[in-house]
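Model the following, please.
(2 chains)
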2 protein chains.
Amino acid sequence: MPASRSLDTAPAAGGLAPALAEALRALLGARFSTSLAEREHHGRGESYHASRPPDAVCRAQSTEEVAGIVRLCAEHETPVIAFGAGTSLEGHIAALQGGVSLDLSGMTRILAIRPEDFDATVEAGVTRQQLDAALRDVGLFFPVDPGAECTLGGMAATRASGTNAVRYGTMRENVVTLTVVMADGRIIKTGGRARKSSAGYDLTRLFVGSEGTLGIITEVTLRLHPLPEAVSALVCSFATVAGAVEAVTAVIQCAVPVARVELVDARAIAAVNRHSKLELAETPTLFFELHGSPSEVEQQARTVEGIVGEHGATHLAWATDAEERRRLWRARHNIHYALQAMRPDARIWSTDVCVPISQLAPCLAATQDDIEAASFYIGTVGHVGDGNFHLGLVIDPNSPAELAEAKRLNERLIERAIACDGTCTGEHGIGYGKAQFMEREHGEAVDVMRAIKQALDPLGILNPGKVLPDKLLPD
Amino acid sequence: MPASRSLDTAPAAGGLAPALAEALRALLGARFSTSLAEREHHGRGESYHASRPPDAVCRAQSTEEVAGIVRLCAEHETPVIAFGAGTSLEGHIAALQGGVSLDLSGMTRILAIRPEDFDATVEAGVTRQQLDAALRDVGLFFPVDPGAECTLGGMAATRASGTNAVRYGTMRENVVTLTVVMADGRIIKTGGRARKSSAGYDLTRLFVGSEGTLGIITEVTLRLHPLPEAVSALVCSFATVAGAVEAVTAVIQCAVPVARVELVDARAIAAVNRHSKLELAETPTLFFELHGSPSEVEQQARTVEGIVGEHGATHLAWATDAEERRRLWRARHNIHYALQAMRPDARIWSTDVCVPISQLAPCLAATQDDIEAASFYIGTVGHVGDGNFHLGLVIDPNSPAELAEAKRLNERLIERAIACDGTCTGEHGIGYGKAQFMEREHGEAVDVMRAIKQALDPLGILNPGKVLPDKLLPD
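Residues are numbered from 1 along each chain as shown, chains lettered A, B, ... in the order given. Take a look at the predicted model:
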């Protein structure tokens, strides 16, 4: 099947078919490039995966231009890999079979903000920070917040989430409708803006998380939420990770509608202190944020304080000042980079399992031995209210021994998560880095996914080698 | 394409291939039936659509049995139509091309209730009332509540919702994972129980709302919610529907997290009074329900009272007594039957558009003339917090003139809804009753849906003629 075409039969890297290159240059002028620097940049995310540069980079400025590029690539059976901000962690943008990187970062128009309907429509290249800025005076916000400065199109394509998901949901819940360019260049809209609809197959949710393998997302309509009247943040320290996790589990099981609850272990705190010039106590720490009316927040705060106290929280500090909170969350969002800075030339291998909340404590406990035994630094952080946590493995990407050790640790962790009805990835996606786990997690359902891929991309040109396992993947 | 196989070439109703009938009888014994009464019952929902009986009825008791039935039907290229409680409103269960009705109502086991993870797993035939009863002592509830006593499998298959959707979401948000029998008899699970996952295509959301055309749902894992500490209900009267709708719009736009807000117009109130022995004022009425802690509910109540007052609400009555509230909501849930009882031998043609909240007032206003001019009784009810409302057309299903008039009214309403970025169906689904509107609503995206259908059901045996438009549909 074309989707799993062998690397051997792929066109040699370094060269598109000359007719295709010519046609793309005619369409895009200077926005078509084959420079090595551009290509290297477009083949690399923010993880340990080596760069796999495309043969060329095409910078699109409109949905019609994306459709034109895809039509040309389809004519030449040439891979097309959508590219947003290049912040992916699982090799999503690697040009495993060469082809064209279709860069959407120039599509930065905010097309509509409709406060009366709590939604906004943006082009795929708008970043969440840009949308944030545009919403400043509207009284609404968009809650999905991965750590990086990523594009909203990329976030939709990878079903991203972040610290607010425990209350506000992920991209799954917060994308209303999409404009998508299909593998043959057709442009479709996946639905209207009504709050609910039973009109046919849920194409919106099918494209959210499909990582550019079923179509290329060019516009996104997003659900906005009212800014909370009152916000409060609580930082509390624990003697052990287990104590912190038990406290979170109890808070969630008491149905406190926390907006955020993040676990950061002692090593990750140490990295944060160094990188963000903070002086947090270097012990397992929970960061809570509570949203609501002043009285609701006060009530939630009392409940949370009571529960964490019962579970041995030692240091409790409330941050009600907006500037202080912003500083804390900025530090939290930068943990990836803080860990990377712990070691020269390091890259982070970030694990990403997510389990039912009742399984979080046992799963993390069973993982502690691996963390202790590792030959490299590991920081643990987690969106623990959702049962999602990351180990940030601070590795030398040029060391085969460290890569092999990281791989084994990751595999054991994923086995553990899947065994308790969890997933190998809560929010980073599959890319090619986790494709090998798809069958373990989904069994025969992977064949159903393959059938859909084959139906919507019969030539296999859309981001080949991603999401679905392929026996010829690079190791 | 087999999915749109002509009615002419379908096997004649009244007869399965003898070898198939024999094999099904061997598999199911007395749970295989060709009796006319059984067949008639299995071809008719609760709407105006005439019964289109299947050739036989198969009552399954397990996922494996469903798989066995589907495998046999696939061998004989015979249609299979999943059947739950038979409460559908758009002809979902009509055997347009004959074949087998696969009745799942005997699959009534509640497989697991996991309060610690806020989820439960049930067989497809469990009704929402049965789940309710099982949750009585757990402190949790399942919020999705269509009016009828329907099965949870059927609710998942039609992406159903109800009065609580404005706060708790629809089946889209409240299904965690599914077990599905595919068109060739393979059994798949669509995911794990983690709160979020980025592991591949969102098959759960693809099957939710696919109306048995892509696979047959046999088990459903559902998200449960904590019972609210305090509940309060407000009933308020308005001089006009427009006034009531403006009040709701203002409440929603002020982001009050109402649990329910239902509009019932004067004629629907009259029907309810008669059917449920109530004495509500026969004017346009809003029913609010508020959930939260006592102080939250009090705060919401003050805000709602203020807003409805500004918009001319005349009669305000609070119902804090649980028994009184139950009586009101039971009456609300029975409106379909109350309207039906307004006229001997009537059936209800229920419209179901849903629009962005900002478009609700203009859309309803533009529809008033049609309501006034109609030759039959029409009651208006709506889950107005979601922008979703129903006109209940009380028609004589044997009158071609009334059917034609209802059809024209419905078409105009749908045009209006689609023109303002809404949908032809907020919660009832497409069946074959609305298939003709799919292209108007979705444009070329319908071809993408067709490609998925073709990929997952190449023989076109799963509920043929539903969801996707077919030029040979009965009128």
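
I'd like to know which residues of the stretch 251-400 of chain A are adjacent to chain B.
A:253, A:255, A:293, A:295-296, A:299, A:352, A:354-358, A:386-388 (C-beta under 8 Å from any C-beta of the partner chain). Backbone N, C-alpha and C define where each C-beta goes, glycine included.

helices and strands around the least confident helix or strand in chain A by mean pLDDT, which ones?
With mean pLDDT, DSSP states H and E as the measure, the helix or strand of chain A carrying the lowest mean pLDDT is strand A:316-319 (a mean of 86). Counting contacts by 3 or more C-beta pairs under 8 Å, 6 or more residues apart in numbering or on different chains; DSSP states H and E, strand A:316-319 packs against strand A:230-237, helix A:294-310.

Could you tell me the angle between the last one and strand A:230-237?
Between the direction of helix A:294-310 and that of strand A:230-237, the angle (axes from the mean of the first three to the mean of the last three C-alpha atoms, to 10 degrees) works out to 10 degrees.

Pretty sure A:Gly192 sits against B:Asp421.
Yes: the pair A:Gly192 / B:Asp421 is scored as a contact, 4.6 Å apart, by C-beta atoms under 8 Å.

Filter the residues of the stretch 251-400 of chain A next to chain B down to the ones in helices?
A:Gln253, A:Ser295, A:Glu296, A:Gln299 (DSSP state H).

how does chain A divide up, domain by domain?
Listed domain ranges for chain A are A:2-106, A:110-226, A:228-338, A:343-458 (source: automatic domain parsing).

which residues touch A:Ile188?
A:Thr179, A:Val180, A:Met182, A:Leu203, A:Gly215, B:His442, B:Gly443, B:Glu444, B:Ala445, B:Val448 (C-beta atoms under 8 Å, 6 or more residues apart in numbering or on different chains).

Following the chain past the lengthiest helix in chain A, name the next helix or strand.
If you go by DSSP H, chain A has its longest helix at helix A:400-419. Later in the chain than helix A:400-419, the nearest helix or strand by DSSP states H and E is helix A:438-442.

Dump that next one to CSV, restricted to CA.
What follows is helix A:438-442, C-alpha atoms only, in CSV (Å, rounded to 0.1, in the frame of the first residue of the first chain):
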residue,chain,number,x,y,z
MET,A,438,-0.1,1.8,17.9
GLU,A,439,-0.8,-1.9,17.5
ARG,A,440,-0.1,-2.6,21.1
GLU,A,441,-2.5,0.2,22.2
HIS,A,442,-5.2,-0.2,19.5
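
same for it, what does it pack against?
Looks like helix A:438-442 contacts helix A:400-419, helix A:445-456 (3+ C-beta pairs under 8 Å, 6+ apart).

end-to-end on stretch A:191-201?
One end of stretch A:191-201 to the other measures 10 Å (C-alpha to C-alpha, to the nearest Å).

Does A:Thr121 fall in a helix, a strand, or a coil region?
Classification of A:Thr121 using DSSP: H, G, I helix; E, B strand; the rest coil returns strand.

Check A:Val176 too.
Relying on three-state DSSP, one would call A:Val176 strand.

count of residues packed around it?
Using other C-beta atoms under 10 Å in any protein chain shown, A:Val176 has 23 neighbouring residues.

Tell me how far it lies from chain B.
Between A:Val176 and chain B the computed distance is 9 Å (C-beta to the nearest C-beta, to the nearest Å).

How far does stretch A:58-68 sit from its chain's centre?
Counting by C-alpha atoms, centre = their mean, to the nearest Å, stretch A:58-68 is centred 24 Å from the centre of its parent chain.

hmm, that stretch in reach of chain B?
No: using C-beta under 8 Å from any C-beta, stretch A:58-68 stays clear of chain B, with a minimum separation of 11.8 Å.

Please state the mean pLDDT value computed over that stretch.
In this model, stretch A:58-68 has a mean pLDDT of 98.

What residues of it count as buried?
Neighbour counts using 16 or more other C-beta atoms under 10 Å in any protein chain shown place A:Cys58, A:Arg59, A:Ala60, A:Gln61, A:Thr63, A:Glu65, A:Val66, A:Ala67, A:Gly68 of stretch A:58-68 among the buried residues.

gap between the two ends of it?
11 Å.

Run through who's touching that stretch.
By C-beta under 8 Å, 6+ apart, stretch A:58-68 touches A:24, A:27-28, A:31-33, A:69, A:100-107, A:179, A:181, A:185-187, A:216, A:218-219.

For the stretch 51-200 of chain A, which residues are neighbours of chain B?
Counting by C-beta under 8 Å from any C-beta, the stretch 51-200 of chain A sits next to chain B at A:114-119, A:158-161, A:165-166, A:170, A:172-173, A:182, A:186-200.
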